[in-house]
Every structure is written in C-alpha cells, then in structure tokens.
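Novice: Show me the folded form of this:
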Amino acid sequence: MTAIICGIRSTKLQPDEISLLKHPLVCGVILFKRNFENYAQLKSLVADIKSRFGNDFLVTVDQEGGRVRRFDLPFTRLPPLLDIGKAYLNNKNLAKSFAHTHAWLMASELLSINIDISFAPVLDIDNGSNVIGDRAFSDNPQIVSELADYYCRSMHDAGMKTTAKHFPGHGTVVADSHFDLPIDDRSFEEIEKLDLQPFITLIKNKQIDAIMMSHVIYSQACKDAAGYSTFWCQDILREKYGFKGIIISDDLGMKAADCVGNVHARYQACIDSGCDIGLACTMELSKELLEKLPKNTYKRRFPQLIGKSTLSKSGDFWQNSTWQSVRKSMVAIQAEIYNSNK
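Specialist: Have a look, this model is predicted:
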C-alpha cells in the first residue's frame, strides 16, 4: 500500500498527532512555516520526532529558496533557482558554482539537525505557470538539465537524497494546482521535447532518488492527473525512462487533487498508479484519511531516503569551518553576479 507523509499543526507534537503518526502506513512528516519558531525549537521538534518514531522515520520540508523557504534565520536565506539560471546566461561556470553552493548549504543545514529531505530540485520549465515561475532554473530545458545536474550532485555531496519535481512538468500550465485543476492539452511528443528533458537527462545520469508527481491532467496523453495515472507513473516513468527510485504524490489536499473525489478516493488512486508515498500536508487531512485505513498492515519505511550529514554534529552548522567557507563562497558569487549586472 501507498505510505503517507503527514503534516503537523505547530511547533510541538500534540498527543493526538503522536497517536496518529504511529499508524504503520505513516512513514514521515512534512514541515512548514507553521512548524518553525526558531532554530532551537525546530531542532527539539525534529529530535522528538526521531526519538518517538525511529531514525528511519522521514522528516521532510520544501526548502527550495526564494518564496518557497519554510525556515528563516539562522538557515541561509537562499535565493530562487531562477537567479542561478539568469547567472548562467552571462557566466556558465559562475552559475554552476552558484548551483553547487546553493544546494550544499540547503542540504547541509537541514541534515545537521536530522531533517532528511528537502523536496528539491524543481525541474519544471519556466514557461508561463503561475505557481512555478522563479522556482525553475530557466525557460530552456538544456539549461535546467545542466544546472539541476550540478544541484543534485551537490545535494548528494552533502548527504541528502534528491527529489525531482513536478513530473512530467508543471511549468507550461498557467493554473496553480493548489487552487485549480490545470489541464495541459499538448501532445505527449510536445511535452517530451520540452518539459520532460531535464527528467530524462537526470534519470539517465542517476542523479534522482525520488520524483514528485504533478496534479495536472495532460489530456492528450491520459485522462487522469499525473499522480493518479498508471500511464505516467508506470508506462512512462518506470518502463520508458527506467526510473527505479521512489514515486511521491504531491499534496492530496490541493484543489487539483480532488479531481477523483474525497481523500479516500485520492489515496486509492495513488495505490492504483503505483505511487510509493502520498503527501497529506495537514493534520486534519491526515486524520480523515488514516482513520479508515487498516492498522493491521505492514510498516512502510524508506531507509534509502534517509539523509546522512557530512558535517560534524559537535556544534551548530554555522560553527563548522566547511559551512563557513561555502557560505562565504556563495556571498562572493552573488556579489560578482550583482556587480556584473550593474
């Protein structure tokens, strides 16, 4: 059965949440701004989660940079990925260094307090979407592929597994799937020539450990939204492109996700499509779903996604000399980019 990653309400676990998270189908939690008060509190929350549910219980977040940044200082205020793509147009080598430092800082800072995964990087093309925009590296699939490859390698260097999103590509539909059901009427061939190129390249390069599906209907290819589609999850992703990693559904609470019905119908659609993990990003949605799922099932865990920090844990991440060096490098890169744009 498909495992579940749940959202929690606030900065501390509540008794009813602890009970719910013990369900054998729950494999982890996803954190948001509502779960962050300060560094000490977040570190304590993660330690509490790990101590209660085990080191193989995933702690995840979206810490992409730009407007999708859940944790503030002392975590680095990372710029959006599009800043890296813009730098590429003037200085390719500088942009690659920018991608490397951006990814390494993001991953190292989170891993230092046992947050396993930031769902990154975005491989969507910046091609008119209201929700993607500067979350993407570029409007050019070759640039996205090249920079994302550097980004993934750097995440791996830091000890974090990668999650490419949103397959097969959310960047060309205007509607935001949080609030609407986007429908992409292009042919499969058009999608493959543009949006799918970064995914194809990075799967071939063995740089993707997990893939998050989009809640978009690509009407000429399949009548189902991608995360509910055996065509996209099995025929294309698994069979045609040979992806052997973990398939993750985007949030089952998004407006686009309800195209198949209530949360139980959505969960069943994930099972049918072969998604390994579904996201239920609020505790209310998690409760509604899990209360009707069997508890006499086997425990789902994904040890292959657990992060392994390369930083010493004898002190906080900003006290580490390697972190200090990489942080200075990124500041210098940003300064050079700024001065070249004057």
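Novice: host element of G278?
Specialist: strand 277-280 (DSSP states H and E).
Novice: what packs against that strand?
Specialist: strand 3-7, strand 246-251, helix 263-273 (3 or more CB pairs under 8 Å, 6 or more residues apart in numbering; DSSP states H and E). Heads up, the C-betas are built off the backbone N, CA and C, glycines and all.
Novice: one more time with 6 Å
Specialist: Under the contact criterion of 3 or more CB pairs under 6 Å, 6 or more residues apart in numbering; DSSP states H and E, strand 277-280 touches strand 3-7, strand 246-251.
Novice: who does the last one pair up with?
Specialist: For strand 246-251, sheet partners with direction are given as strand 210-213 (parallel), strand 277-280 (parallel), following DSSP bridges.
Novice: The first one too?
Specialist: Strands that pair with strand 3-7, judged by DSSP bridges, come out as strand 26-31 (parallel), strand 277-280 (parallel).
Novice: Including distance to L110, mean pLDDT and mean neighbour count, could the ones you listed go into JSON lines?
Specialist: Below are those laid out as JSON lines (distance: least, CB to CB, whole Å; pLDDT from 0 to 100; neighbours: other CB atoms under 10 Å):
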{"stretch": "strand 26-31", "distance to L110": "10", "mean pLDDT": "98", "mean neighbour count": "24"}
{"stretch": "strand 277-280", "distance to L110": "18", "mean pLDDT": "95", "mean neighbour count": "26"}
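Novice: Work out which residue lies at the spatial centre of the protein.
Specialist: Closest to where the C-alpha atoms of the chain average out (CA atoms, centre = their mean) is F119, at 1.7 Å.
Novice: Reformat the helices and strands packed on strand 277-280 as a markdown table; add distance to I49 and mean neighbour count.
Specialist: Below are the helices and strands packed on strand 277-280 laid out as a markdown table (distance: least, CB to CB, whole Å; neighbours: other CB atoms under 10 Å):
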| stretch | distance to I49 | mean neighbour count |
| --- | --- | --- |
| strand 3-7 | 11 | 24 |
| strand 246-251 | 19 | 25 |
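Novice: worst average pLDDT in the ones you listed?
Specialist: Ranked by mean pLDDT, the helices and strands packed on strand 277-280 bottom out at strand 246-251, with a mean of 93.
Novice: Alpha carbons of stretch 189-207, as PDB, please.
Specialist: What follows is stretch 189-207, C-alpha atoms only, in PDB (Å, rounded to 0.1, in the frame of the first residue of the first chain):
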ATOM      1  CA  GLU A 189       5.600  14.400 -28.100                       C
ATOM      2  CA  GLU A 190       5.500  18.200 -27.300                       C
ATOM      3  CA  ILE A 191       5.700  17.500 -23.600                       C
ATOM      4  CA  GLU A 192       8.600  15.100 -24.100                       C
ATOM      5  CA  LYS A 193      10.600  17.600 -26.200                       C
ATOM      6  CA  LEU A 194      10.300  20.300 -23.600                       C
ATOM      7  CA  ASP A 195       9.200  19.600 -20.100                       C
ATOM      8  CA  LEU A 196      10.500  16.000 -19.800                       C
ATOM      9  CA  GLN A 197      14.000  16.700 -21.000                       C
ATOM     10  CA  PRO A 198      15.500  17.500 -17.500                       C
ATOM     11  CA  PHE A 199      13.900  14.400 -16.000                       C
ATOM     12  CA  ILE A 200      15.100  12.200 -18.800                       C
ATOM     13  CA  THR A 201      18.700  13.600 -18.500                       C
ATOM     14  CA  LEU A 202      18.900  13.300 -14.700                       C
ATOM     15  CA  ILE A 203      17.400   9.800 -14.600                       C
ATOM     16  CA  LYS A 204      20.000   8.700 -17.200                       C
ATOM     17  CA  ASN A 205      22.700  10.300 -15.100                       C
ATOM     18  CA  LYS A 206      21.400   8.500 -11.900                       C
ATOM     19  CA  GLN A 207      21.000  11.800 -10.000                       C
END
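Novice: What are the contacting residues of it?
Specialist: Applying CB atoms under 6 Å, 6 or more residues apart in numbering, the set of residues contacting stretch 189-207 from outside is 123, 125, 141, 144-145, 148-149, 152, 167-169, 208, 241, 243.
Novice: Next: stretch 139-154.
Specialist: For stretch 139-154, contacts defined as CB under 6 Å, 6+ apart pick out 84-85, 88, 96, 99-100, 103-104, 121, 123, 125-127, 137-138, 162, 194, 197-198, 201, 205, 207.
Novice: What about those, which are in strands?
Specialist: Using DSSP state E to define strands, no part of the contacts of stretch 139-154 is located there.
Novice: starting at the chain centroid, how far to stretch 211-225?
Specialist: 18 Å (CA atoms, centre = their mean, to the nearest Å).
Novice: Do me a favour and get the end-to-end distance for stretch 294-313?
Specialist: Using CA to CA, to the nearest Å, one end of stretch 294-313 lies 39 Å from the other.
Novice: what does it contact?
Specialist: The contact list for stretch 294-313 (CB under 6 Å, 6+ apart) reads 3, 24-25, 27, 56, 108, 111-112, 116, 158-161, 317, 320.
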